[in-house]
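**Q** only geometry, no sequence info:
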C-alpha cells in the first residue's frame, strides 16, 4: 500500500516536459549569488512528506555541492526507480535549475526572485522562486511539465518546496514537500 501511495504521488509530480517559448528573467546578480549560497547551505540528507491531492507519503531528498562548489545537486527519491535530480548553478548573473525527470525530460527554470535577501545569521524564512524557461526532450503538449518551483528555507534544519505542473500551458496541480534535516 505504501508503495502504491508513493507511486500515485510520484505520478502527480513527475513531469513529461514540453518545449514552449523560452523566457528570460531580469534578476539582480547579487540576489542570484546570495540565493546560490543559500542552496549550498542545504548540503546533506533530508526526510519529509509530500502532499499530492489528498495523498501524503514519505520522501527523502539529498543536497550535495559538486563540481568545485559551482553546482548544487538535489536528488529526490534517491536510489529508487523514480529518482529525479535537479542541478542548480550560476550562469553569469543568473541562477538556473535543470530538473532531470525520471521520465527523461528536462525542464529548465530560472530564479525569478528571492525574498528576503539571504542572510545565514537571520532567523527569517528565505524564499527562492523559479519559473519555467524552456525544456529539452519534449513530449506532447497534453503531458505534464514542471513549470514553477518554490523553495522556502525555514531555518537551517527545515525546508519546504512546491512544484507546480502545467498541462497544455495551464496550471494543473502543485505538489508540496516538507523536509527536516537528518542529523
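**A** Done, it's in. Remember, predicted model here, so these are calculated numbers, not experimental data.
**Q** hmm, who's touching stretch 84-94?
**A** Stretch 84-94 is touched from outside by 14, 25, 27-29, 32-33, 36, 39, 67, 70-77, 95-102, 110-111, with contacts defined as C-beta atoms under 8 Å, 6 or more residues apart in numbering. All C-beta spots, glycine's among them, are computed from the backbone N, C-alpha and C.
**Q** which of those residues count as buried?
**A** Judged by neighbour count, with 16 or more other C-beta atoms under 10 Å as the criterion, the buried members of the contacts of stretch 84-94 are 14, 27, 32, 36, 39, 71-77, 95-102, 110-111.
**Q** ok, residue 127 touching residue 149?
**A** No. Taking contacts as C-beta atoms under 8 Å, residue 127 lies outside contact range of residue 149: 11.4 Å.
**Q** more neighbours, these two?
**A** residue 149 (22 against 16; other C-beta atoms under 10 Å).
**Q** mean confidence for the one helix or strand the more buried one maps to?
**A** Using DSSP states H and E, residue 149 maps to strand 144-155. Mean pLDDT, computed over strand 144-155, is 87.
**Q** and it, what's buried?
**A** Buried residues in strand 144-155, defined by neighbour count with 16+ other C-beta under 10 Å: 144, 145, 146, 147, 148, 149, 150, 151, 153.
**Q** list the contacts of residue 77.
**A** 10, 59, 60, 83, 84, 102.
**Q** list the ones among those residues that fall in strands.
**A** Among these, DSSP state E puts 59, 60, 84 in strands.
**Q** now do the last one against residue 173, distance only.
**A** Taken as C-beta to C-beta, to the nearest Å, the spacing of residue 84 relative to residue 173 amounts to 17 Å.
**Q** more neighbours, these two?
**A** The residue with more neighbours, out of residue 84 and residue 173 and counting by other C-beta under 10 Å, is residue 84; that gives 22 against 14.
**Q** and the ones in strands among the contacts of residue 77, which is closest to residue 181?
**A** residue 60 (11.6 Å; C-beta to C-beta).
**Q** so that closest one sits against residue 78, correct?
**A** Yes. Look at residue 60 against residue 78 with C-beta under 8 Å: they come within range, at 5.9 Å.
**Q** so between those two, which is more surrounded?
**A** Higher neighbour count among residue 60 and residue 78: residue 60, with 16 against 13, using other C-beta under 10 Å.
**Q** leaving out chain neighbours, which residue sits closest to the more buried one?
**A** residue 47 (5.4 Å; C-beta to C-beta, 6 or more residues apart in numbering).
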